[in-house]
Structures are given as C-alpha cells and as structure tokens.
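# What follows is a protein structure lacking sequence information:
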C-alpha cells in the first residue's frame, strides 16, 4: 500500500520527446558544421569552440518549456527561468497570435506565465488542473465571467473537447 500524501503534479507527457528532438537537431547542426570545416581543412580549436557554442545555442533555442501543474498552480520552467501562477487567483487570461498563438496568464499576486495552448490540448491532466483553478477564480471573483478572458477559455475548452472526442473516435475505430 502506498502512503497517502499530496498528489504528484501533472506534467507535459511529450516534453522528453521534444528535448530529444532539440538535442538531435543541435547534434546534427554541430556535426555538419564540424565536418564541413574539417573537410575544408580550416578546423582550428577556436572554430571548434565556436561550432560547439552555436550547437549549444541551437539546443537552448529549441528546448521547450517544462510545464507542470498541481492544485492551484501552474509552472513553466525554461533553461534559465521559472514562472508560476496561482490558477485559483487568476485575474487575466489572454491569447495572442493566430498562427503561433500563446496564452498569457496573470494572477492576483502579480505573476505572469506564457505557454503554448497546444501543450494543454495534448495533456488533459494539465488542462484539468488549469480548468479547476479557473473555476475557482471565477467563484472567488478574481476572474470576470463576461470578459475576453471567458471567451478565450471557452474557445480553448471547446477545442480541447473536440480534440478529445476525435481521439476517442479514432481509438475506437469509428473515425
């Protein structure tokens, strides 16, 4: 029997695959540059260091944020920064962009977090934690019901429900 304690936080189940992809791209970039320089007989220790630094930069740029959530909070950790919002005290939820859209969440404590909504679509547990916190924010009155925030959340909720229904239909062989 497992000891009861606080539930483990929900996380992005595709994050490790994205990290592997970023590492593979950085390795391929670094290897190609080193091979081209070596073949041209211009490879020096300084140029090797330059190519390795550029490969590390490619990795850092492609490295996705690690999104985790628990009861009342959502955290996004990047290579250098970490941002946490209290989902049960949200004051604003905005969506920017059409092609590469991102959500910006602000809480009553002044914290701000940006994330890609596709992470929420691909991870129902993360969405559940955020949705539960949003409902608490609406109950407490920190988040207004009839605002742009509610419209953004309603559209996102419908999109996630549609994707989930399509996944169930595909898994059952109906679609």
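Perfect, thanks for sending it. Not measured: the values here are computed from a predicted model.
# From now on I want contacts and neighbour counts done on CA atoms only, so please keep to that.
Will do.
# What residues of stretch 100-109 count as buried?
In terms of neighbour count (16 or more other C-alpha atoms under 10 Å), stretch 100-109 has its buried residues at 102, 103, 104, 105, 106, 107, 108.
# and that stretch, how far out from the chain's middle?
Put simply, stretch 100-109 sits 12 Å off its chain's centre (C-alpha atoms, centre = their mean, to the nearest Å).
# SS state for the residue lying closest to residue 82 once chain neighbours are set aside?
Closest residue to residue 82 apart from its sequence neighbours, by C-alpha to C-alpha, 6 or more residues apart in numbering: residue 76 at 5.7 Å. Here residue 76 is strand, with the state taken from DSSP: H, G, I helix; E, B strand; the rest coil.
# domain assignment for this structure?
Structural domains assigned to the chain are 11-62, 66-170, following automatic domain parsing.
# Those into CSV, with extra columns for mean pLDDT?
Listed next are the domains of the chain as CSV, based on pLDDT from 0 to 100:
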stretch, mean pLDDT
domain 11-62, 93
domain 66-170, 87
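# Tell me which of those domains is the most buried.
domain 66-170 (a mean of 17; mean count of other C-alpha atoms under 10 Å).
# mind listing the strands in this protein by residue range?
Ranges of strands within the chain are 10-11, 66-70, 73-77, 82-85, 90-96, 102-107, 112-115, based on DSSP state E.
# a markdown table for these, including distance to residue 166?
Shown next, in a markdown table, are the strands of the chain (distance: least, C-alpha to C-alpha, whole Å):
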| stretch | distance to residue 166 |
| --- | --- |
| strand 10-11 | 22 |
| strand 66-70 | 24 |
| strand 73-77 | 27 |
| strand 82-85 | 31 |
| strand 90-96 | 24 |
| strand 102-107 | 23 |
| strand 112-115 | 24 |
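# what's the closest of those strands to residue 154?
strand 90-96 (11.2 Å; C-alpha to C-alpha).
# Quick one: list the elements packing against that closest one.
strand 102-107, helix 124-140, helix 148-172 (3 or more C-alpha pairs under 8 Å, 6 or more residues apart in numbering; DSSP states H and E).
# swap the cut-off to 7 Å and go again
Judged by 3 or more C-alpha pairs under 7 Å, 6 or more residues apart in numbering; DSSP states H and E, strand 90-96 is in contact with strand 102-107, helix 148-172.
# Adding distance to residue 131, write those out as JSON lines.
Listed next are those as JSON lines, based on distance: least, C-alpha to C-alpha, whole Å:
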{"stretch": "strand 102-107", "distance to residue 131": "12"}
{"stretch": "helix 148-172", "distance to residue 131": "9"}
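# among these, which is nearest residue 25?
Nearest to residue 25 among the helices and strands packed on strand 90-96 is strand 102-107 (23.7 Å), distances taken as C-alpha to C-alpha.
# Just the angle for that closest one relative to helix 124-140, thanks.
40 degrees (axes from the mean of the first three to the mean of the last three C-alpha atoms, to 10 degrees).
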